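Peer 1: Need a 3D model of the following:
(one chain, ligands or ions: 1)
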Amino acid sequence: MIILVLNSGSSSVKYQLLDMNKNTLMASGLVERIGDKAGETTHRRMPGTPQEQVFSREQNIPDHSTALDLVVKLVTGEQTGVIKDISSISGVGHRIVHGGEAFSAPTLVDQAVVQGIRDQIPLAPLHNPGGLAGIETAQRLMPGIPNVAVFDTAFHQTMPAEAYRYAIPAGLYKELKVRRYGFHGTSHLYVAKQCARVLNQELENTTCITVHLGNGCSMAAVKNGRCVDTSMGLTPLAGLVMGTRSGDVDPALHSFLADNKGLSIREIDSLLNKQSGLKGLCGDSDMRDIHHRIASGDKEAELALKIFCRRVTQYIGQYMAILESTQAICFTAGIGENDSKVRQLSCATLSGIGVKLDPERNRQRAAGQTLEISSRESQVKVLVIPTNEELEIAIQTAQVLS
Ligand code: AMP
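Peer 2: Next up is the predicted model:
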C-alpha cells in the first residue's frame, strides 16, 4: 500500500510517499513560497538510502493546485519518479491542524468532512485553510483516490473537562468552544507508541510524558496510552517557551500592553507569536545559535536557555503530579532529540521526584536512534525518541483505508 502524505501550509507543501508494505520512504520533498514568483521545490528520491537523489528547482508556483501538480509530476516523472502513475497511490493522508471537538480520530474525507474542517477555521485561521486547499486540490487532481484527514488536535480529545476547560464564564465554552485543544498530537501519539515499544508493553498500559521541543514546543501527559493533559491551549501559543512564541504569560499582558504601548490586539498577537520566546529573550530563535553565543560568554543567550529549560521542568513536575506514577519521560523533535544540554538542565532538579539522568548516556548523539538516558537508580526512565509525524499520518491513513 502506497500512501502520499501532504502537509499543506499557507505557502508551502511538504510531502512524503511511503510504501507501507515494504516500510520504506520512496520520496519526500518540499514546495515552498507558493504564491511567490520565485517558488522553490526540493525533491528527494529514495531519501536516506545510498541511491538518494536530490532535485531542486525554482519556478513560479502561483497556488496549491500548481504545487500539488508539481508533486504528482515529481513522484511519477521519468528521472525523479518512484511510481509509474498516480493509480499506484492507495490514499492521501493530510495533516490538518485543527479538528476542534468535531474530530477525535483520523477521518475519511467526504463533503461533510470538508465542511467540518472549514467550520474550524475560526479556531485556526492561519492553518486550516492550507490543509483544506491540499484536500480540495488532491480531490481534483487525483479523482478516485481516497483522502484521509489526520488532525493535530485529535490525540488530545481524550483530555477530561478539568484539563481542557478554562476558568472563564462557562457561556464562552458553550457559544464559541473556548477551551484547551492542544497541538502536535500526531507527534505525541507516535512518541507514546514508541515509548510503549521500548518498555515492551502495550500502549494501553503506558503512562508517560512526551516532551516535543522543536521550533514549536509542547508536552503531553499520557495515562494508559490516552492524553490527559497538554501544554498548548486554544491556540499553539500557550505552554512552553518556543522559538518565537512566548508560551504562558499573564493573561492581563494584553491590556497592559494596549494601555501602556498603544498596541492593537493584532499587534500584541503578532508580538507574542513572532517576536517572543527565545527570539524575544535574546534575539535568536535557533537553539544552536544560542549555544554558540553562550560558548562565547553571552549572558542574554544563557538566560534565554535557562528560562526555556525551567518551563520544561515545571511542566514535567506538573504532569508527574497529575499522572501519579510516570513510567517514562520522552524527549523528541529538533531540540529534544539533539540537545543534551537542554535535557540536562530540564531534568537537573528532578532527582527529588525520581528522575535522574546518566550524564554519559545523555551526551551520546541520538542521530535518529532511540536512546535511554536515565541512570540505573532513576525511578522514571528518560528516553530520547525521534519523532516521525509523516510516518504516523501514513500509518493512520492506512488504518482508515483498511
Ligand atoms: P524542529 O521544529 O523539530 O525541526 O526543531 C527545530 C529546532 O531544533 C531549532 O531550534 C534548532 O535549533 C533545533 N536543533 C536542530 N538540531 C539541533 C542540534 N543538533 N542541537 C541543538 N538544537 C538543534
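
Peer 1: Can you tell me, leaving aside adjacent residues, what's nearest to the residue in the stretch 51-200 of the chain that the ligand sits nearest to?
Peer 2: As assessed by Cβ to the nearest ligand atom, the ligand sits closest to residue 187 within the stretch 51-200 of the chain, at 8.8 Å. Where C-beta positions appear, they are placed from N, C-alpha and C, glycine not excepted. Nearest-residue entry for residue 187: residue 387, 4.5 Å, with adjacent residues in sequence omitted and distances by Cβ to Cβ, 6 or more residues apart in numbering.

Peer 1: how close does the one you found sit to residue 195?
Peer 2: From residue 387 over to residue 195 the distance is 11 Å, taken as Cβ to Cβ, to the nearest Å.

Peer 1: And residue 259, by the same measure?
Peer 2: When distances are taken as Cβ to Cβ, residue 259 and residue 195 turn out to be 46 Å apart.

Peer 1: The stretch 151-300 of the chain against the ligand: which residues are in contact?
Peer 2: Proximity of the stretch 151-300 of the chain to the ligand (Cβ under 6 Å from any ligand atom) is limited to residues 214, 215, 243, 286, 287, 288.

Peer 1: Pick out the lowest-pLDDT one from the residues you listed.
Peer 2: pLDDT across these is at its lowest for residue 215, which sits at 90.

Peer 1: For that one, list the residues it contacts.
Peer 2: The neighbourhood of residue 215, defined by Cβ atoms under 8 Å, 6 or more residues apart in numbering, consists of 242, 243, 244, 285, 334.

Peer 1: follow-up on the earlier one: surely the residue nearest to residue 187 meets residue 330?
Peer 2: No - shown here, residue 387 and residue 330 do not form a contact pair, counting by Cβ atoms under 8 Å, at 9.3 Å.

Peer 1: element containing the residue in the chain that the ligand sits nearest to?
Peer 2: Here the chain gets closest to the ligand at one residue, residue 334, 2.1 Å apart by Cβ to the nearest ligand atom. Under the criterion DSSP states H and E, the helix or strand holding residue 334 is helix 333-338.

Peer 1: Measure how far that helix is from the centre of its chain, please.
Peer 2: Taking the mean C-alpha point of helix 333-338 and that of its whole chain, the gap between them comes to 12 Å (Cα atoms, centre = their mean, to the nearest Å).

Peer 1: Quick check: next helix or strand after that helix?
Peer 2: Tracing the chain C-terminally past helix 333-338 and defining elements by DSSP H and E, one meets helix 340-347 next.

Peer 1: Report whether that following helix contacts the ligand.
Peer 2: No - using Cβ under 6 Å from any ligand atom, helix 340-347 never reaches the ligand; the gap is at least 7.4 Å.
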